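S.K.: fold the stuff below for me.
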Amino acid sequence: MDNNIFYIDGEELNLFCSDDSKRHTFGYAYEWEGEGVIHLRFTPLNHSFGKCFHVLFTKDQDVELSQGEIVAKVHNNTNVEIFYKSDYSYKAEIIPSKDSLYSRNKGILELNILENKRVMIVGLGSFGSQISIELAKAGVGHFVLMDFDRVELHNLARHTSTVNDLGRLKTDVISDAVKGKNPYAEVEKFPINIIDYPEILKEQCAKADIVICATDNNRSRFVLSEQLVSLGKTGIFGRAITRAEGGDVFIYRPGGPCYCCLIGNGWYEAAREEITNEVSARRDGRIAAYVSPEDADAMVQVGLSADIEPMCNMMIKLALVELSRGSESGIKSLEKEFVAPYYIWVNRRERKYGNWGCFANPGHMPTIMRWYGVDVDRDEGCSLCGSHIRLDVGESFTDEYGNIATNVNIDESFDFDKFNKK
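M.R.: Now for the predicted structure:
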């Protein structure tokens, strides 16, 4: 007797059982060869695994067992008898419906809150890949995935992909991973550079409940920030700094400081962003064209996967809090905790963090391995979200009283006629 284990998708089984007009249908069996594990599906998988052959699903109990390589006699939606290679029968394990798949989250995250939420994730590298999967495990029902890159060898150290995914589009890899955790999730894939497709970016931002920016350069963050401000959407930005010695997370909430406001903050500018990909860094200018391949290779300084986990985890927590805001859930109390727009984490006391307090005895100094929330004021002179623009005019203008004007606030009431060139 073979020790085989069979699984059937509960949602597909329910549909078959409820269709009184259908007595038989052929499906697909996917076997993990050498492991005795076989998954039975009514519809084919886009990316199959192991050996694939046909299965006959039937509600007729007296059907000939020779009608298919595998015969699945469906008694009801909880009882399916499997015949495979012999007259000996197996009882199939039923993959639960979405109502019970995430039953362990109940009391903390209610499925009816998240299954209708739409999350847009831009950038599916080491950050975006993990965030996507964790949100799928939490029960988020709709995903929009954007990234134009393919999986390369250098990704494997921190990415959720495997060697078998090399060469595949990251949108395809993460879509499969999301559906592997939440088969009922709806996933839309856009293998594009958002900078080149502003119309698509705007359309998808408008539909999203929250936007996750996990790209590795400021140009794409600026473009995305512009859409968030224009559409009044919440967005979360995260990054690692050199060799992931630390990192930071920023959340834009409509009416609060935007990403452009943050750029002027000393905390942010003082930390050099981690370079994880030479091609990407050359594309956006972080590695100049004249830099030799040898020197460029030395500039690519990737930290450990474990060192980016805190930033990913914070982005996930912030996303879940915002998606659940206004609803009764087990994480509602976190709304009072995560009030700052900017958060800093440090893994090691290196370089600019060398003078931080020792973790064992920090005294009154900040220390590694903990989060610090930072208040960032909205810049009323911000070129993106401000009510006016500050123009540094040096000494080239005088005001109507003859005073030298070095900084001028330009808004709708600004009158150039009151200023005269010297």
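S.K.: tell me where the model's unsure across the stretch 251-400 of the chain.
M.R.: Applying pLDDT under 70 to the stretch 251-400 of the chain flags residues 264-302, 388-400.
S.K.: for it, what spans make up the strands?
M.R.: Using DSSP state E, counting those that start in this stretch, the strands of the stretch 251-400 of the chain run over 342-346, 372-374, 389-392, 397-398.
S.K.: so who does K73 touch?
M.R.: Residues near K73 by Cβ atoms under 8 Å, 6 or more residues apart in numbering: T58, K59, D60, Q61, V63, V80, E81, I82, F83, S89. All C-beta spots, glycine's among them, are computed from the backbone N, C-alpha and C.
S.K.: which residues does the host helix or strand of Y28 contact?
M.R.: Assigned by DSSP states H and E, Y28 belongs to strand 24-32. Residues from elsewhere that reach strand 24-32 (Cβ under 8 Å, 6+ apart): 16, 37-45, 48-60, 63, 68-70, 72.
S.K.: buried only: go through the residues you listed for me.
M.R.: If you count burial by 16 or more other Cβ atoms under 10 Å, the buried members of the contacts of strand 24-32 come out as 16, 38-42, 55-59, 63, 68, 70, 72.
S.K.: just those: which are in strands?
M.R.: Taking DSSP state E as the definition of strands, the buried ones among the contacts of strand 24-32 contribute I38, H39, L40, R41, V55, L56, F57, T58, I70, A72.
S.K.: just to revisit the earlier point, quick one, which of the buried ones among the contacts of strand 24-32 has the minimum pLDDT?
M.R.: Least confident of the buried ones among the contacts of strand 24-32 in the model: G68, at 65.
S.K.: tally of neighbours for P198?
M.R.: 12 (other Cβ atoms under 10 Å).
S.K.: surely it and V223 touch.
M.R.: Yes - counting by Cβ atoms under 8 Å, V223 is a contact partner of P198 at 7.4 Å.
S.K.: longest helix of the protein?
M.R.: What stands out as the longest helix in the chain, according to DSSP state H, is helix 305-324.
S.K.: next up, the contacts around V339.
M.R.: Contacts for V339 (Cβ under 8 Å, 6+ apart) come out as G373.
S.K.: can you rerun that using 7 Å?
M.R.: For V339, the contact set (Cβ atoms under 7 Å, 6 or more residues apart in numbering) is empty.
S.K.: tabulate the CA atom coordinates of the longest helix of the chain in PDB.
M.R.: Below are the C-alpha coordinates for helix 305-324, written out as PDB (Å, rounded to 0.1, in the frame of the first residue of the first chain):
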ATOM      1  CA  SER A 305      18.500  39.800   5.300                       C
ATOM      2  CA  ALA A 306      18.000  39.700   9.000                       C
ATOM      3  CA  ASP A 307      19.000  43.400   9.200                       C
ATOM      4  CA  ILE A 308      16.200  44.500   6.900                       C
ATOM      5  CA  GLU A 309      13.500  42.600   8.700                       C
ATOM      6  CA  PRO A 310      12.800  45.300  11.300                       C
ATOM      7  CA  MET A 311      12.100  47.900   8.500                       C
ATOM      8  CA  CYS A 312       9.900  45.400   6.600                       C
ATOM      9  CA  ASN A 313       8.000  44.500   9.800                       C
ATOM     10  CA  MET A 314       7.400  48.200  10.700                       C
ATOM     11  CA  MET A 315       6.000  48.800   7.200                       C
ATOM     12  CA  ILE A 316       3.700  45.800   7.500                       C
ATOM     13  CA  LYS A 317       2.500  46.900  10.900                       C
ATOM     14  CA  LEU A 318       1.800  50.400   9.800                       C
ATOM     15  CA  ALA A 319      -0.100  49.100   6.700                       C
ATOM     16  CA  LEU A 320      -2.300  46.800   8.800                       C
ATOM     17  CA  VAL A 321      -3.100  49.600  11.300                       C
ATOM     18  CA  GLU A 322      -4.100  51.900   8.500                       C
ATOM     19  CA  LEU A 323      -6.100  49.300   6.600                       C
ATOM     20  CA  SER A 324      -8.000  48.500   9.900                       C
END
